[in-house]
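In: Mind looking at a prediction? Sequence and model below.
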Amino acid sequence: MLIARAKRTVNPAAVTFLGGGFLSFSFGNLFYVLHYVLRGEINRNLSASDIAWVGAFFFFIGAHQLLQWEKRNASWKSWMLAALIVTVFAHLIILYGGVFINILWGVPMLILSWFCGKGMDAAGREKGKEKLRPYYFSLCAFLIAECALFMSWGIGYVLSDVLVTAAMFCMGIFFYRENSACT
């Protein structure tokens, strides 16, 4: 639906990329659930669902690149979320190994968190950009919920997954609504 309504916005390419990210993320969930239902086990190795989920991050990064308004230097505060992402993935590599898959997940999350920090910084300082602040808060919540998802199991995993879904829903609404403000 986001992709179908993209033409009504100021930057339809950015909205289309964000919608592509949601679609890719949904395919990752579909592959994950199908594997679990058909085989009765959770795949702990690199799988099609991981590729689709990581692909979603690249779509999200592309959406930010297409906005092209985050051009100025950001303050040190914009690196705080990126530092959290690095800490979580370093922790995962040290405790659980799987260096390749953790780097595969960590690098796009790190880049997206940097864009999130820059966007929040710009939304707080630049006139006309403050309307995107709700989107960047929901993106920050999405990235933190993703980190919690990686660090949890059992009911914590389920709750983190619900938070990821809710944050993505908010991201779509706020990005579409406020894209008109990015002139």
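Out: Arrived safely, thanks for sending.

In: tell me the SS of Trp153?
Out: coil (DSSP: H, G, I helix; E, B strand; the rest coil).

In: Can you tell me how far it is from Phe115?
Out: 29 Å (Cβ to Cβ, to the nearest Å). C-beta: built from backbone N, CA, C; applies to glycine.

In: Look at these two and report which has more neighbours.
Out: Phe115 (22 against 9; other Cβ atoms under 10 Å).

In: pLDDT below threshold where in the protein?
Out: Along the chain, segments meeting pLDDT under 70 span 1-8, 10, 68-78, 92-93, 96-98, 125-129, 180-183.

In: State the number of residues packed around the closest residue to Ser152 other than its chain neighbours.
Out: Nearest non-adjacent residue to Ser152, counting by Cβ to Cβ, 6 or more residues apart in numbering: Ser160, 5.3 Å away. Number of residues near Ser160 (other Cβ under 10 Å) recorded here: 20.

In: And for Val86?
Out: 15.

In: wait, what's in contact with it?
Out: Contacts for Val86 (Cβ atoms under 8 Å, 6 or more residues apart in numbering) come out as Gly106, Leu110.

In: what about it, which helix or strand?
Out: Val86 belongs to helix 80-96 when assigned by DSSP states H and E.

In: where exactly do the helices run in the protein?
Out: Along the chain, counting by DSSP state H, helices occupy 12-39, 48-67, 80-96, 99-125, 133-150, 155-178.

In: could you check the angle helix 99-125 makes with the last one?
Out: If I follow you right, that is helix 155-178. 40 degrees (axes from the mean of the first three to the mean of the last three Cα atoms, to 10 degrees).

In: which residues touch Ile42?
Out: Listed by Cβ under 8 Å, 6+ apart, the contact partners of Ile42 are His35, Tyr36.

In: Good, wrapping up.
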